[in-house]
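Peer 1: starting from these lines, generate the structure:
(2 chains)
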Amino acid sequence: MKQEVSLEQLKGELEAEEEKSASKAVFKWFFKNIKFLLIPASRLEELTMREREYEKSVSKRKFLKRLKSILTIIGVILVLYVITLAVFGAWISPFTFAEADDVYGVYWTAPSPLHPLGTTYMGRDVYARMIYGARASLTMALPAIGVSLGFGILFGLISGYTGGWLDTIIMRLFDIMLAFPALIFAIVIVSIFGRQLNNIIMAYGILGIPYYSRLIRGNVLQAKELPYIQAAKVAGAKNWRIMFRHILPNTIQPIIISFTLDIGGVILSFAGLAFLGYSDPDLIEWGRDISLARGHILTAPWASLWPGVMIIITVLGFMLLGDGLRDALDPRLKNL
Amino acid sequence: MTVSKEKYEYSKNDYSKSSKKVILSVRNLKTYFPIYGGLFKRRIADVKAVDGVSFDMYEGETLGLVGESGCGKTTVGNTILNLVKPTAGEVIYRGKKLIISKKLHKKQMKEKEKPELKLTKVQKKDAKAIDYTTEIRKKIQLVFQDPDSSLNPRWKIVNIIGEPLRILEGMKKRNKIRARVLELLETVSMKAEHLDRFPHEFSGGQKQRIVIARALACNPDIMILDEPTSALDVSVQAQILNLLRDLQSQFNLSYMFITHDLSVVHHIADRIAVMYLGKFVERGPIEKVFYHPVHPYTKALLSARPTFDPTSRITRIILEGDVPSPINPPEGCAFNPRCYEKGKHIGCGKEDPVEIKISEDHYIMCRPFAKEEKSYEGMEYISD
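Peer 2: Residues are numbered from 1 along each chain as shown, chains lettered A, B, ... in the order given. Predicted structure coming up:
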């Protein structure tokens, strides 16, 4: 009954108002009531009541529903925005990749109709470079952190859970790695193996492993003594299952936080490497743009401002997403 | 020890006395925890958590294990569950020896082989010994002291109770697991809507019910209850104890009830073992140990119990000193320095105590009295 009434109302609105808003409302109504259209039986009062009762007992515990906080949604939008720039940069940008990386006569020009955000060194368009930079930054930062995160979690779990001599060996090895300055290690790797993107990514990825390992190892040491791990053993769970199914979900929280914070750090450290001349010169990076425009911050602030804004957006997006993810993964938090 | 043929008249739980069948026996069990120290992290000492314990558990019966904290009650349970490796001794389940520690088993086999010449491979394999496999895991289950931390906070109740079903029973289909978990929840009087909740959404008593449901998942024979009521308040304690008794009669379970609460043990147990510093000082049927205690420690322990009757005046036995360290227990009887009957027995503080049979199924670990006529009534030496 209710649906029919709403339809009549919609018809009235259709006549009275513009077509645009009405079609929007029709869409809304369609998606809201799609289950009634597909399954006619759910129109029955009793069934919908039962469904509502079911939702009452389940909804709060669904992972995706727990992700539905405003900040998390903003984070998802920001991350999607950056990913969109990275994937569809060629269609969005007013200049082609070659044009954005070309050499022009006039440098550091102020914003103009042709260059809406001004130009940077070599007279390159800031707006175009801002868009193309997303691709390089994401394809460098995410795999590098992925490598450190994956191996870090693996080694941290193994060394924390097994303990003994294996733990000692892994941890001493990581102590040695931590003693290495990251930038110098990256320079060494790049000068030995060449300036390919893969080498830079691997260098930063490997250097990040000990941080994540140590972080997770401490939590594993704490968690593995708790009774629910013993209960899992009594339930017949084997070591790998205990490590990845029982311990990992309880230790992942600080990892997510440091993961989201590190994305910005890695993008900036790539910039540092680029500044020293140890990066692929054909790439368009936000970090390198900032470091090159640093000397002209008073005369041409737009050249360093916009890439900086992009880095902030990326880091903020991942941070908000990570915060939401952390909260959603912890079922003890209620008011989401 | 053989199964006794005599039948006793007890006021409660008569069903269990009619068919006494040994389900689990523990022989001379020792569990030491090494202490590493010094320059090269050598093994410098052992914490003798369990130091030579022997007992039998009967089918459908409850064995109460009492003692003060740190005396090794929990370690006995953990060793039977293969959570801790024993240093010596045997655990026998339904007449078959369980290999908890392979190293220990090999050592024991070698000792057995010594007098004989050469054994064939078939003979070497002890026909009665079995590995600690999933079959045994199914049959011996555990309920923890703290229901709060014995449930994984990140898992839903379906998954927590479904875990043993998934691993031990090999169930794969989600619907089947859900159905079985619901069945289990209903046996501990919980509802279907609790399936998809997380542990923090329950009260302490409900959590303990969930833990019990998980232990029941694979139809066990033996349940080791490690202080299941000590984290709960009194009214909930009573609910859980009654639930446990109902489950015992429903599924014919054998309980090993580890606790320091004497009134709880009096309520639920059929037989009781009193533990002091890794050893059983007295064990026997509940009526005998509670109303006719023989060992000085048991007497002191029972006299410290609060009574309901204000007119009855029990002479409190107050022990001197503290519990000695289990790293280097006192020579001879471990209770010797605090014993108020010290010196009355032959070889107090010098010789190891022997197991003395007081009456049928009632044993103490002590030294015999100096004068023969003052010896315990109907006493028989077991070891020595």
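Peer 1: now do the strands in the stretch 201-350 of chain B.
Peer 2: Applying DSSP state E, counting those that start in this stretch to the stretch 201-350 of chain B gives strands spanning B:222-226, B:254-259, B:271-276, B:279-285.
Peer 1: for chain A, which of those strands is the nearest?
Peer 2: With CB to the nearest CB, the closest approach to chain A among the strands of the stretch 201-350 of chain B belongs to strand B:222-226: 9.1 Å. Every residue, glycine included, has its C-beta placed from N, CA and C.
Peer 1: direction included, what does the closest one pair against?
Peer 2: If you go by DSSP bridges, strand B:222-226 pairs up with strand B:140-143 (parallel), strand B:254-259 (parallel).
Peer 1: longest helix in the chain, by number of residues?
Peer 2: Here I'm looking at chain A. Assignment by DSSP state H gives helix A:126-162 as the longest helix of chain A.
Peer 1: my question was about chain B
Peer 2: Per DSSP H, chain B has its longest helix at helix B:234-251.
Peer 1: of the strands paired with strand B:222-226, flag the one that's most buried.
Peer 2: strand B:140-143 (a mean of 27; mean count of other CB atoms under 10 Å in any protein chain shown).
Peer 1: OK, contacts around residue A:298?
Peer 2: Not one residue lies near residue A:298 by CB atoms under 8 Å, 6 or more residues apart in numbering or on different chains.
Peer 1: please tell me I have it right and residue B:64 contacts residue B:269.
Peer 2: Yes. Between residue B:64 and residue B:269 there is a contact under CB atoms under 8 Å: 3.1 Å.
Peer 1: what is in contact with the two at once?
Peer 2: Residues touching both residue B:64 and residue B:269 (CB under 8 Å, 6+ apart) are B:257, B:286.
Peer 1: and residue A:287, what's its pLDDT?
Peer 2: pLDDT, residue A:287: 79.
Peer 1: wait, a helix at it?
Peer 2: Yes. Checked against DSSP: H, G, I helix; E, B strand; the rest coil, residue A:287 lies within a helix.
Peer 1: close to chain B: what parts of chain A are there?
Peer 2: A:57-58, A:61, A:226-228, A:230-237, A:241, A:246, A:249-250, A:329-332 (CB under 8 Å from any CB of the partner chain).
Peer 1: please compute how far the longest helix of chain B lies from its chain's middle.
Peer 2: 18 Å (CA atoms, centre = their mean, to the nearest Å).
Peer 1: around chain A, pick out the residues from chain B.
Peer 2: So chain B meets chain A at B:78, B:81, B:83, B:134, B:137, B:141-142, B:144-146, B:149-156, B:163-164, B:167-168, B:193, B:196-198, B:200, B:211, B:214, B:217 (CB under 8 Å from any CB).
Peer 1: from those, which land in helices?
Peer 2: Judged by DSSP H, the subset of those located in helices is B:78, B:134, B:137, B:163, B:164, B:167, B:211, B:214.
Peer 1: for the closest residue to the fifth one other than its chain neighbours, grab phi and psi.
Peer 2: If the residues on either side of it in the chain are set aside, residue B:164 comes closest to residue A:235, at 4.0 Å by CB to CB, 6 or more residues apart in numbering or on different chains. Recorded main-chain torsions at residue A:235 are phi -80, psi 0, according to degrees, to the nearest 10.
Peer 1: give the buried residues for stretch A:304-318.
Peer 2: Of all the residues in stretch A:304-318, those buried under the rule 16 or more other CB atoms under 10 Å in any protein chain shown are A:304-308, A:310-311, A:313-318.
Peer 1: CA atoms of that stretch as PDB?
Peer 2: The C-alpha trace of stretch A:304-318 is given here as PDB (Å, rounded to 0.1, in the frame of the first residue of the first chain):
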ATOM      1  CA  SER A 304      54.800  23.800  -4.800                       C
ATOM      2  CA  LEU A 305      51.400  24.400  -3.300                       C
ATOM      3  CA  TRP A 306      49.300  22.100  -5.600                       C
ATOM      4  CA  PRO A 307      51.500  19.000  -5.500                       C
ATOM      5  CA  GLY A 308      51.600  19.500  -1.700                       C
ATOM      6  CA  VAL A 309      47.800  19.600  -1.600                       C
ATOM      7  CA  MET A 310      47.700  16.400  -3.600                       C
ATOM      8  CA  ILE A 311      50.000  14.600  -1.100                       C
ATOM      9  CA  ILE A 312      47.800  15.900   1.800                       C
ATOM     10  CA  ILE A 313      44.700  14.600   0.000                       C
ATOM     11  CA  THR A 314      46.300  11.200  -0.500                       C
ATOM     12  CA  VAL A 315      47.600  10.900   3.000                       C
ATOM     13  CA  LEU A 316      44.400  12.200   4.600                       C
ATOM     14  CA  GLY A 317      42.300   9.800   2.500                       C
ATOM     15  CA  PHE A 318      44.300   6.700   3.500                       C
END
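Peer 1: circling back to that earlier point, the residues of chain A next to chain B, buried ones only, as a PyMOL selection?
Peer 2: To isolate the buried ones among the residues of chain A next to chain B in PyMOL, judged by 16+ other CB under 10 Å, type:
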select buried, chain A and resi 226+227+228+230+231+232+233+234+235+236+237+241+246+249+250+329+330+331
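Peer 1: among the residues of chain A next to chain B, name the ones in strands.
Peer 2: Applying DSSP state E to the residues of chain A next to chain B, no entry is found in strands.
Peer 1: low-confidence ranges in the stretch 1-150 of chain A?
Peer 2: For the stretch 1-150 of chain A, the stretches with pLDDT under 70 are A:1-7, A:10-14, A:16-19, A:35-63, A:65.
Peer 1: tell me where it has helices.
Peer 2: A:2-16, A:19-32, A:34-38, A:45-58, A:63-66, A:70-92, A:97-100, A:126-162 (DSSP state H, counting those that start in this stretch).
Peer 1: need the pLDDT of residue B:376.
Peer 2: For residue B:376, the pLDDT comes out at 57.
Peer 1: swap in residue B:262?
Peer 2: Per-residue pLDDT puts residue B:262 at 87.
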